[in-house]
Structure formats: structure tokens, C-alpha cells
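# Need a 3D model of the following:
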Amino acid sequence: ELADADPRDLTVLTMPARFAERGDLHAGIDDVAHDLTPMLEAYARDEADGAGEMPYPPEYPKMAGEPTRVQPSRAKK
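This is a model prediction of the structure:
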């Protein structure tokens, strides 16, 4: 269905008729509860291995020839 879908056909004006025809395909989204234990264990494992969290904002290495990343008025002279 997605291969043939045109986002312009799925608007606030067209969706009520689609829901009437097809029903709410997401109606059961809250019927299933998932356990977060595997994710918490993975986080604890990564933290124990020294991975920690990603830095934010990300720290990208400076590339050769890259201009300064600081505002000219704040540049150290």
C-alpha cells in the first residue's frame, strides 16, 4: 500500500472517509505492553563497558582545512 501512496491523498479532509472504509489500523496500539528490562540491561552493560551516552552536541573531529568553529568575536588571539 505504501508503494502506491501519495502523501497528498492522506490529509485531514480525506482521513475520516478512509477510517470509515478501513477502520483504525492503529486501534490496538495500546493493547500490548512491552518490557523495558532488555533495554535497561543493554544500557547498564554499555555503561559498564565504558560506552556511556553519546555526547550532545556530538563531538566531531576537526578535519584538515576546516575553518574555525567559533564565532570570530570569540576566537582566541
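
# what's in contact with the longest helix along the chain?
Longest helix in the chain by number of residues (criterion: DSSP state H): helix 37-48. Residues outside helix 37-48 that contact it (Cβ atoms under 8 Å, 6 or more residues apart in numbering) are Gly52. Every residue, glycine included, has its C-beta placed from N, CA and C.

# Could you rerun that using 10 Å?
Helix 37-48 is contacted by residues 36, 51-53 when judged by Cβ atoms under 10 Å, 6 or more residues apart in numbering.

# Also stretch 25-32?
By Cβ under 10 Å, 6+ apart, the surrounding residues in contact with stretch 25-32 are 18-19.

# where does this structure dip in pLDDT?
Regions of the chain meeting the criterion pLDDT under 70 cover residues 77.

# In it, what residue spans correspond to helices?
In chain order, the chain shows helices spanning 15-22, 37-48, with DSSP H as the criterion.

# gap between Val32 and Pro55?
Taking Cβ to Cβ, to the nearest Å as the criterion, Val32 is separated from Pro55 by 34 Å.

# same thing with Asp9?
Distance, Asp9 to Pro55, by Cβ to Cβ: 42 Å.

# Likewise for Ala42?
Counting by Cβ to Cβ, the gap from Ala42 to Pro55 is 19 Å.

# What of Ile29?
Following Cβ to Cβ, the distance that separates Ile29 from Pro55 is 33 Å.

# same question, Ala27
Where Pro55 is concerned, Ala27 sits at a distance of 40 Å (Cβ to Cβ).
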